[in-house]
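Asks: Next input, structure requested:
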Amino acid sequence: MRKITLLLFVFLFSLAARAQDFEGAWTNFTTAPPSSGPGGPAGWQIRNLVGSVTWAKANNSATQPAHQGTGAAYLNKQNMGPNPVALAEDWLVSSQFTASVANSELHFWSRLNADGDNGSQYYVYINDVAGSTQTTWTDYHVLQNWSETQINTVQNVYQEKVLPLTGIAAGGTFYIAFVMTNNNGDIWLIDDVSVVAPCLNPVALTATNRTLTSADLSWNNPSGATSFDIEIVPAAVTPSGVGTPITSTATPPIYH
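Replies: Below is the predicted model of the structure:
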């Protein structure tokens with residue numbers, strides 16, 4: 001008798017707003033700090049608080065690659081000298097996002113360049129104040145902050161960052177700002193920014209009516225997903241993560 005293990009994977013990627021892949025036109029911003037204005041993709045803003053370096057479009061070279069395609073947002077480090085009065089600080093501010101479901105998630109891909117921790121700090125700010133504007137800077141607050149080794153455990157490889165947008169209701173609007181401070185620290189590349197519905201794992205998995213060749217699988221579906229992947233492998237085999245797509249309209253879902 002061959003024992004089998006039934007494994008269930010759920011993938012839900014429902015965009016709550018358009019994704020930004022930085023493949024389109026980019027408006028350069030070169031006004032001396034402290035200043036802000038239209039820059040980056042259409043509808044976005046660049047805010048240059050300290051230093052002459054600011055956000056630009058990556059050139060898709062070996063040190064400025066895109067995660068996918070040829071476009072990414074790129075911020076170079078800046079040497080502010082010994083004992084600087086202030087660190088270089090630069091913002092890249094999104095156009096307005098609208099959440100399609102409550103408690104959505106912010107997804108983006110991050111890449112650095114140099115190994116180790118060279119002192120840069122990386123921030124994601126959010127402005128979710130009702131009726132606020134993209135440039136009402138006092139309404140932004142920190143959603144997440146990382147050091148260089150925290151944001152990318154391997155610096156020169158893109159890694160996905162996922163931040164829960166807790167408390168934002170369906171239909172809620174907000175702006176996201178990507179901010180780096182540094183003194184001759186490291187670069188920052190970001191790509192494929194999107195706001196999506198959370199992908200919640202299925203729960204209460206059960207297998208009934210089991211035979212040598214079949215079983216009925218059912219599970220609870222907290223994410224509200226409408227499609228699933230089922231992978232069946234021998235007990236000693238590591239799952240590949242690639243399954244057979246199925247749909248189920250039953251509540252709870254069931255697979256025969």
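
Asks: now the strands for the stretch 151-256 of the chain?
Replies: Shown for the stretch 151-256 of the chain, the strands assigned by DSSP state E, counting those that start in this stretch span residues 159-164, 173-182, 188-196, 203-208, 216-220, 227-234, 244-247, 254-255.

Asks: If you average pLDDT over each of those, which is lowest?
Replies: For these, mean pLDDT drops lowest on strand 254-255, to a mean of 60.

Asks: I figured residue 141 was touching residue 129, is that so?
Replies: No. With contacts counted by Cβ atoms under 8 Å, residue 141 stays clear of residue 129, the gap being 9.1 Å. Heads up, the C-betas are built off the backbone N, CA and C, glycines and all.

Asks: Could you check how far the spatially closest residue to residue 233 that is not a sequence neighbour is from residue 231?
Replies: What sits nearest to residue 233 in space, not counting adjacent residues and going by Cβ to Cβ, 6 or more residues apart in numbering, is residue 239, at 5.6 Å. Residue 239 sits 5 Å away from residue 231, going by Cβ to Cβ, to the nearest Å.

Asks: can you map out the helices along the protein?
Replies: Assigned by DSSP state H, the chain shows helices spanning 148-151.

Asks: Can you list the low-confidence ranges for it?
Replies: 1-18, 200, 223-226, 241, 248-256 (pLDDT under 70).

Asks: Spatially central residue for it, please.
Replies: residue 107 (1.8 Å; Cα atoms, centre = their mean).

Asks: Name all residues that make contact with that residue.
Replies: Listed by Cβ atoms under 8 Å, 6 or more residues apart in numbering, the contact set of residue 107 reads 160, 161, 162, 192, 193, 194, 195, 196.

Asks: Between all of the residues you listed, which two are separated the most?
Replies: 160 and 195 (13.8 Å; Cβ to Cβ).

Asks: which of these two has more neighbours?
Replies: Shown here are residue 160 and residue 195; by other Cβ atoms under 10 Å, residue 195 has more neighbours (26 against 10).

Asks: Return the distance of that one relative to residue 115.
Replies: Applying Cβ to Cβ to residue 195 and residue 115 gives a distance of 31 Å.

Asks: just residue 146 next, same as before
Replies: From residue 146 to residue 115 the distance is 16 Å (Cβ to Cβ).
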